[in-house]
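1. Structure, please.
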Amino acid sequence: MKLTDLDSSRPLESIRERLENTDRPRIALALSSAIVAFLVVSPMFWLFWQATTVEPTRAYDLLVSSQTARITINSIALMVLVTVFSILLGVPLAILTTRTDLPYPRLWTIVAALPLVIPSYIGAIAFAGMFGPGGEVDTLLGTTIPRIDGLSGAILIITLYTYPYVFLTTRAALLSMDDSLVDAARTLNASPFEAFRRVTFPQIRPGIAAGALLAALYAVSDFGTPAFMQADVFTSTIYWEFSGFAVEYAALLALQLIAIVAIVLVIEAGIGRDEDVSGGAGKGATIRLGRWKWPAMGFVSLIGVLTLVVPVAIFTNWLFRSEGDPIPSLEFQWEFAFNSVYLALLAALVACLFALPVAYYSGRSNSLLSRILERATYVGFAVPGVVIGLALVFLGTRTLPSFYREGVALLVFAYVVRFLPQAVGTVRSSVLQIDDKTIEAARTLNAGWFETFRRVTLPLITPGLIAGGVLVFLTTMKELPVTLMLQPVGMDTLVSIIWGAQDALAYRYAAVPALLLVVISGFSMLVLLRQEDV
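-> Residues are numbered from 1 along each chain as shown. Sure thing, here's the model as predicted:
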């Protein structure tokens, strides 16, 4: 009896140990992910708290003022028009590079995608210094020309640097769709336009909607371009009100901006995910451009010249000019580049540490809790940077004064809140590619959970972890509003010098920092190309 009892108890003890070994890591992951999600969402609590301190009567007066109405109309117009123009540019370019006999499609794909990795405010400061009021063209010609400034200038510049969102997502949809459906429509005597409208468009609509969402969110959250173009929109006005110590009005405007972002997300959710794109069954008929081949190449080349060649040429020209009185505080020093790299490295490291539990828990679990915690980390990416900066200013001044303007902790935290989804997305993709049998094999060899993670899982997800860190590093280097609002006193960076040069209308001092950012931004294209074979 005793031997039987011992034999029968061993399976029970084995099951109990297995459950404990399984539940403990899962609980630890869930708890770690919840802490990260709470930290990412916490700045919004401070923003809402600050808004509730405004007296209801004063809040109403501020919200219904003519200035607020003008800012709202301008911001919505900027977002809508940039989205429309991005679609009008991105969709034809995607079709040209995937469905036609355009020569050298890989080259033109890279040319069409490159503007995405350059900050739009780099283009804005170049065009403002060249074509804006009192710019190079005005000085050279001595006459009035159509100027690139104000709301129309902001729409133009942001469109030129955000249409690649639509281009890349539409292109991916075109490459994954079943071309035989289009061929079948053509055999039924459908015209090319009719085949596109009834067959191709329904299948690529989710891709267009995804790119349009990114373009809309970028347009409504962009700070540098509207500020440089002197356009009265939410982001620039929030910063000016914050700089003028009108924090109550800035907080209320920030809440309105968040509401617009939420509405955009809801609209996209309703129109962008109701079609199933079938996997491609082979390449269908190629559209012959004929005599339109050269105009098509000229069209793509013109966009490349406007977005890449013109800004680089303008900054290079400023690099060798020394007009006006010198401004010592804006003279380029390698310390500025070191500060930018230092802050970006810290942000990348912390973001990867934060991303590990969230991405691993989400990738290894299909529970509702894991999905909620993962989506919570995307809040900072959807909310404009100027709003994140404003919320953390409230946190720093009211609760953590020792961190505010005295150290880099709050600034690095703001970067992590802003760009954590880039690391979470790449790491989660790597986690999803891990074969469960590999993990089970390690566990059958009596390896503990931590030992399995260290020796098996971590090496497999390291490429995704590195890619996410690189993306966070590159985007942190270019982040403008958060840097301006939270950087420690005396710790100038490349973007703060660009801002100072534009503010002083001493554009030559922006040349070296801008060219460095363009070179650094180019490396992000290498990361993108590694993620997708273009």
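2. Quick check: buried residues in whichever strand or helix holds Leu96?
-> Leu96 is part of helix 66-99 when elements are defined by DSSP states H and E. By neighbour count with 16 or more other C-beta atoms under 10 Å, helix 66-99 contains the buried residues 68, 71-72, 74-75, 77-79, 81-83, 85-87, 89-91, 93-99. Any C-beta I mention is one placed from the backbone N, CA and C, and that applies to glycine too.
3. Can you name every helix or strand that it contacts?
-> helix 105-113, helix 150-176, helix 201-221, helix 234-243, helix 247-271, helix 293-304 (3 or more C-beta pairs under 8 Å, 6 or more residues apart in numbering; DSSP states H and E).
4. One more pass at 10 Å, please.
-> Packing contacts for helix 66-99, counted by 3 or more C-beta pairs under 10 Å, 6 or more residues apart in numbering; DSSP states H and E, involve helix 56-63, helix 105-113, helix 150-176, helix 201-221, helix 224-228, helix 234-243, helix 247-271, helix 293-304.
5. That helix to helix 56-63, inter-axis angle?
-> Per axes from the mean of the first three to the mean of the last three C-alpha atoms, to 10 degrees, the angle that helix 66-99 makes with helix 56-63 is 50 degrees.
6. care to break the protein down by domain?
-> Domain assignment of the chain by automatic domain parsing yields the ranges 44-281+289-320, 323-534.
7. chain center to the helix or strand that contains Thr397, what's the gap?
-> Here Thr397 sits within helix 385-398, counting by DSSP H and E. Relative to its chain's centre, helix 385-398 lies at 20 Å (C-alpha atoms, centre = their mean, to the nearest Å).
8. Can you dump the C-alpha atoms of that helix in PDB for me?
-> Taking Å, rounded to 0.1, in the frame of the first residue of the first chain, the C-alpha atoms of helix 385-398 are listed here in PDB:
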ATOM      1  CA  GLY A 385       4.800  64.500 -28.800                       C
ATOM      2  CA  VAL A 386       4.000  68.000 -27.700                       C
ATOM      3  CA  VAL A 387       1.100  66.600 -25.500                       C
ATOM      4  CA  ILE A 388       3.500  64.000 -24.000                       C
ATOM      5  CA  GLY A 389       6.000  66.800 -23.200                       C
ATOM      6  CA  LEU A 390       3.300  69.000 -21.700                       C
ATOM      7  CA  ALA A 391       2.000  66.100 -19.500                       C
ATOM      8  CA  LEU A 392       5.500  65.300 -18.200                       C
ATOM      9  CA  VAL A 393       6.200  69.000 -17.500                       C
ATOM     10  CA  PHE A 394       3.200  68.900 -15.200                       C
ATOM     11  CA  LEU A 395       4.500  65.700 -13.600                       C
ATOM     12  CA  GLY A 396       8.000  67.200 -13.200                       C
ATOM     13  CA  THR A 397       7.100  70.600 -11.900                       C
ATOM     14  CA  ARG A 398       4.400  69.300  -9.500                       C
END
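9. which parts of that helix are buried?
-> Buried-residue list, helix 385-398, by 16+ other C-beta under 10 Å: 385-396.
10. what's the answer for stretch 488-503, then?
-> Quick answer for stretch 488-503 (16+ other C-beta under 10 Å): 488, 491-502.
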